[in-house]
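# have a look at this prediction, sequence included:
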Amino acid sequence: MRFAIVASSYHKEYCDALVSAAEAELQGHDLTLCRVPGSFEIPLQVKRLARTGQYNAVLAFGVVWQGETAHAQEILRAVTDALMRISLEEDVPVIHEVLSVKTEAEAWERTSGTLSRGKEGARAALAVAELPNGI
Ligand SMILES: Nc1c(NC[C@H](O)[C@H](O)[C@H](O)CO)[nH]c(=O)[nH]c1=O
Ligand SMILES: CC(=O)[C@@H](O)COP(=O)(O)O
């Protein structure tokens, strides 16, 4: 199967861990990796890849840190809505692992620890890619 990953470079060490976990889980499949500057830039790249019709699923990886202002919530809401819209409009599974974190511990646990969202996202991509399409 063929998958694309769109990963943010913001909080890069955590995003790299998400990508590595997904790559390990998707071994043996065809993988394309695209980096974007921040999570806000993820949806456009996901859309560009999804509309090629070449991928069984597109995975979105980012880490949004809750700061002092509402910036993080604004990004997360926009990204979440956009990813759902792209998935439905392009009829391509989109996996949402743009994480919302408050602490180093939360970030580490979800990217490198036992709650690996990279692995979780990859498993979700494999599962949805095998669902019947158009029946
Ligand atoms: N604060 C975080 C950002 N901010 C950057 C935006 O995503 C975007 O690149 C900028 O506003 C230019 O359009 N991005 C994250 O992924 N995580 C954050 O915590
Ligand atoms: C700097 C960040 O990661 C981002 O969430 C914004 O933080 P702030 O709201 O303190 O500007």
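Structure received. Ligands and ions are numbered 1, 2, ... in the order given.

# state the helix or strand in which Thr114 lies.
Of the helices and strands defined by DSSP states H and E, none includes Thr114.

# ok, the spatially most central residue of the chain - contacts?
Closest to where the C-alpha atoms of the chain average out (Cα atoms, centre = their mean) is Ala60, at 1.7 Å. When contacts are counted by Cβ atoms under 8 Å, 6 or more residues apart in numbering, Ala60 is found next to 6-7, 42-43, 46, 79, 83, 94-98. C-beta coordinates here come from the backbone N, C-alpha and C atoms, glycine included.

# and ligand 1, which of those residues reach it?
Filtering the contacts of Ala60 for proximity to ligand 1 (criterion: Cβ under 6 Å from any ligand atom) leaves nothing.

# and which of the residues you listed is nearest Lys119?
When those are compared for distance to Lys119 (Cβ to Cβ), Glu97 wins out at 9.9 Å.

# distance of the closest one relative to ligand 2?
Counting by Cβ to the nearest ligand atom, to the nearest Å, the gap between Glu97 and ligand 2 amounts to 17 Å.

# any idea how far ligand 1 is from that residue?
Summarising the geometry, the distance separating Glu97 from ligand 1, computed by Cβ to the nearest ligand atom, is 12 Å.

# look at that residue and tell me its secondary structure.
strand (DSSP: H, G, I helix; E, B strand; the rest coil).

# not counting sequence-adjacent ones, nearest residue to it?
Gly121 (4.1 Å; Cβ to Cβ, 6 or more residues apart in numbering).

# remind me what the strand or helix carrying that neighbour packs against, helices and strands.
Assignment of secondary structure by DSSP H and E places Gly121 within helix 117-129. If contacts are counted by 3 or more Cβ pairs under 8 Å, 6 or more residues apart in numbering; DSSP states H and E, helix 117-129 sits against helix 12-25, strand 57-65, strand 94-101, helix 104-111.

# got the ones you listed as JSON lines, with mean pLDDT columns?
As requested, the helices and strands packed on helix 117-129 are exported to JSON lines (pLDDT from 0 to 100):
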{"stretch": "helix 12-25", "mean pLDDT": "98"}
{"stretch": "strand 57-65", "mean pLDDT": "98"}
{"stretch": "strand 94-101", "mean pLDDT": "98"}
{"stretch": "helix 104-111", "mean pLDDT": "98"}
